[in-house]
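Colleague: here is my input; please provide its structure:
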Amino acid sequence: GLYAKSVNGDAFSNEIKQQVVDLIKEDLGQIDLVIYSLASPVRTHPNSGKRFKSVLKPIGEVFTNKTVDFHTGTVSEISINPAEGEDIENTITVMGGEDWKMWMDALQAENLLSEGATTVAYSYIGPDVTRPVYRNGTIGAAKDHLEATAFTITDDLKSIGGKAYVSVNKALVTQASSAIPVIPLYISLLYKIMKAKGIHEGCIEQMQRLFSERLFGGDLALDEKGRIRVDDLEMREDVQAEIAELWKNATSENLSEIGDLQGYSDEFFSLFGFKVPGVDYNADVNELVMVPSEQ
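Modeller: Numbers count the residues shown, from 1 in each chain. Prediction:
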């Protein structure tokens, strides 16, 4: 009985923004919360029509470290060349805060945000081992821009008492995170340790805690840069110390014991509807499902 509608299209485009604006006008009148969570390798700028590509690269020097092919369990060393040319600027254009602000501007211009409306964008910081390729890399530059944009949007929302926040979330198995070298190995070790300590969270549990304890729990618990931190369990000193120790010794032969590679793999496949218990994947399926006509 809860309201839910999906709009399928290019979230960067003016056309999709207008579709959503029209939908809110027709169905809801006003909204009080906007979650901005968008990962993309490309963005066609809605005003210029120019196409930009984001890259996952370190800045300044080659990054070399361990990674794992979670399909085979093979741990190997990977080297990633640093950003060059306009890589940094392009990644900021795709993954920074400009589009978030454009969404909020579009909603505010049509008076679709209720008094005290909140908007939250998702970010990540991560540990030292991933820092060169993530937070200190091109994607980190985009996240810095996204986080700075929160303050700009908050200023824009002053007239309705609105606020914009960035939530720094934990490492989770998503289509986006699986594309980042080093992250699958890190998550495999992280999951094993957090499960053993009874503090593991998947995507849904993480968001439940963000909503129940932070956004609507009375204590945002902002850090020194004004960010909500729900990566607090991941970044606990005892958790990170154990990962650093295991990282040194992680090999193809021992990863299944010291890490949770199977758990990582299962979660990745479940994103796409595979490895779901009780489903016979060999059975014939009629993908054309008839919808009963309205009475």
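Colleague: distance of residue 243 relative to residue 189?
Modeller: Distance check for residue 243 against residue 189: by C-beta to C-beta, to the nearest Å, it reads 5 Å. Using the backbone N, CA and C atoms, a C-beta is placed for each residue, glycine as well.
Colleague: how close does the residue nearest to residue 251 when sequence neighbours are not counted get to residue 165?
Modeller: Spatially, and ignoring its direct neighbours in sequence, residue 251 is nearest to residue 75 (5.4 Å; C-beta to C-beta, 6 or more residues apart in numbering). Per C-beta to C-beta, residue 75 is found 37 Å from residue 165.
Colleague: what are the boundaries of the strands in the stretch 1-150 of the chain?
Modeller: All strands of the stretch 1-150 of the chain, identified by DSSP state E, counting those that start in this stretch, fall at 31-36, 42-44, 51-53, 63-69, 74-80, 113-123.
Colleague: can you say which of those strands is nearest to residue 217?
Modeller: strand 113-123 (13.1 Å; C-beta to C-beta).
Colleague: packing partners of the closest one?
Modeller: strand 31-36, helix 98-109, helix 138-156, strand 163-168 (3 or more C-beta pairs under 8 Å, 6 or more residues apart in numbering; DSSP states H and E).
Colleague: would CSV of these with mean pLDDT be doable?
Modeller: Shown next, in CSV, are the helices and strands packed on strand 113-123 (pLDDT from 0 to 100):
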stretch, mean pLDDT
strand 31-36, 98
helix 98-109, 98
helix 138-156, 97
strand 163-168, 97
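Colleague: with respect to burial, which of these scores highest?
Modeller: Comparing these by mean neighbour count (mean count of other C-beta atoms under 10 Å), strand 163-168 comes out on top with a mean of 22.
Colleague: could I get the average pLDDT for the helix or strand just after that strand?
Modeller: Counting by DSSP states H and E, the next helix or strand C-terminal to strand 163-168 is helix 183-196. In this model, helix 183-196 has an average pLDDT of 95.
Colleague: ok, now stretch 65-83?
Modeller: On average, the pLDDT along stretch 65-83 is 94.
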